[in-house]
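[1] need a structure here:
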Amino acid sequence: MSAAARIASLAVLTVLPVGRLAAEVPSSTPSASVRQRAGLQFDRSSLWTRSGKDVLWGFRNLYAAKVVRAPDKAYPLRMWFFGWAVADGNPRYPGCDAIYHARGKDLDHWEVYCGNGAWDATMTPKKWRPVVTARDKIYDQWHNGDPTVVYRNGVFHMAYSATGHNADGIGESRPGDRDGDILCVMGATSQDGIRWRRSREPLLMNRAEIGAPHGKGSEFLHGMYHRPSLLWDNGRWRMWFDYWAGPRDGGCAMGYAECRGEFLDPSAWRIVRAGDRPLLPHWPNPEVVKVGQKYYAFGDPPIPPEPHPWKARQIAEAVSDDGIRWTVLGHVKPDPDTPALHVPTPFVDTSCRPPRIVLFYACQIGGEPYDYRYNRIRYMTRPVGPD
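    I've put the predicted structure just below:
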């Protein structure tokens, strides 16, 4: 399991507040956390229409399927997703997790990139080739994943999670490791969605983690920035992400950053909310979209009282007028044939009226002993109306 997946599994046990950074917005309070937990209890499953179809399948462990629309009549939809195509750890490629790419004729018919201009529509993962893999950087040696993509001015802009073995070059928990792994958010741009130009350094990284001894289990409190969600909104780049806030302050909480300059310039990005002041405590795998004047955030936090560490995590939704102050709306139950649905990635379909949110998600295998891997990607939809 990657460091990112391990931290996700740790984010199951608590709910409470989190940062000490720029914005002059009141910090979270225990009462806010109580309201969030109360909001999570609402079952919104009946609002969603499930296709019941697997749109990607046959792989070892892939998820986080981010979809955007592109100006292509034959293949108007593009998707990026990550994990292990054929075997645990992608043994043919550097590091562990890698990012893959697909093109879609519609929501139900996809072809996965296989290299050298070839595409596979038969769901044969051994043919698939990643488009982003790890490099030899202290922050980018192991995990590349959680892609979030915006198509703007003829260019695909991607933010994604990266993990490296930190200053000592030794993998987390391996003999001799002193500083754990380091997590960050990288940026990249592409004309075709296949060949990517990366930022020279991470867009978001807690530099205090470089070479620093981590705590129990290698968590670095109020750091470990990961799982970005990117929007171009009102003349600026906006990014929501999760980070480790600790059991007291909300587990994997949702933070926020902005960029008013060049997308690939790390110095142009500033973190607005994180630390002990999260936007949403205990909100792993955040994904945010905007429909009209409303923002919708999805994640997969634990929904009490389910005790199982993976089954407890269910898709949840929140709404906001500004992307900063959020109201949790409730959760969505798993499909009948899968124990848990995780890593929700919304796509706004404006081709219909009213517009609808198409929510892609990964289906966990489960069983006994419990298998945390995801072997199918599906979607559900709902029209966007007043909440």
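
[2] what's the local residue count around residue 131?
    21 (other CB atoms under 10 Å). Every residue, glycine included, has its C-beta placed from N, CA and C.

[3] tell me the secondary structure for residue 35?
    For residue 35, the assignment made with DSSP: H, G, I helix; E, B strand; the rest coil gives helix.

[4] and the pLDDT at it?
    Residue 35 carries a pLDDT value of 74.

[5] how about it, nearest residue that isn't a chain neighbour?
    residue 328 (7.5 Å; CB to CB, 6 or more residues apart in numbering).

[6] need the contact list for the residue lying closest to residue 87 once chain neighbours are set aside.
    Closest residue to residue 87 apart from its sequence neighbours, by CB to CB, 6+ apart: residue 60 at 5.8 Å. For residue 60, the contact set (CB atoms under 8 Å, 6 or more residues apart in numbering) comprises 83-88, 125, 373, 375.

[7] which one of those residues has the most neighbours?
    Most crowded among the contacts of residue 60, counting by other CB under 10 Å, is residue 83 at 26 neighbours.

[8] quick one: the strand or helix carrying that one to chain centroid distance?
    Using DSSP states H and E, residue 83 falls within strand 77-84. Its chain's average C-alpha position is 12 Å from that of strand 77-84, according to CA atoms, centre = their mean, to the nearest Å.

[9] quick one: which of the contacts of residue 60 is nearest residue 337?
    Nearest to residue 337 among the contacts of residue 60: residue 375, at 11.6 Å, using CB to CB.

[10] ok, the closest one - contacts?
    Here residue 375 is in contact with 57-61, 363, 365 (criterion: CB under 8 Å, 6+ apart).

[11] and it, what helix or strand is that in?
    Going by DSSP H and E, residue 375 is in strand 371-383.

[12] so the closest residue to residue 143 other than its chain neighbours is in which element?
    Using CB to CB, 6+ apart and skipping residues adjacent in sequence, the residue nearest residue 143 is residue 163, 3.7 Å away. Taking DSSP H and E as the definition, residue 163 sits inside strand 155-164.

[13] next SSE after that strand?
    According to DSSP H and E, the helix or strand after strand 155-164 is strand 182-190.

[14] returning to that earlier point: pretty sure the residue nearest to residue 35 sits against residue 39.
    Yes: here residue 328 reaches residue 39: they are 3.2 Å apart, a contact under CB atoms under 8 Å.

[15] by contact count, what packs against the next helix or strand along the chain from the strand holding residue 83?
    Sequence order places strand 98-106 as the next helix or strand after strand 77-84, per DSSP H and E. On a contact count with 3 or more CB pairs under 8 Å, 6 or more residues apart in numbering; DSSP states H and E, strand 98-106 meets strand 77-84, strand 109-115, strand 143-152.
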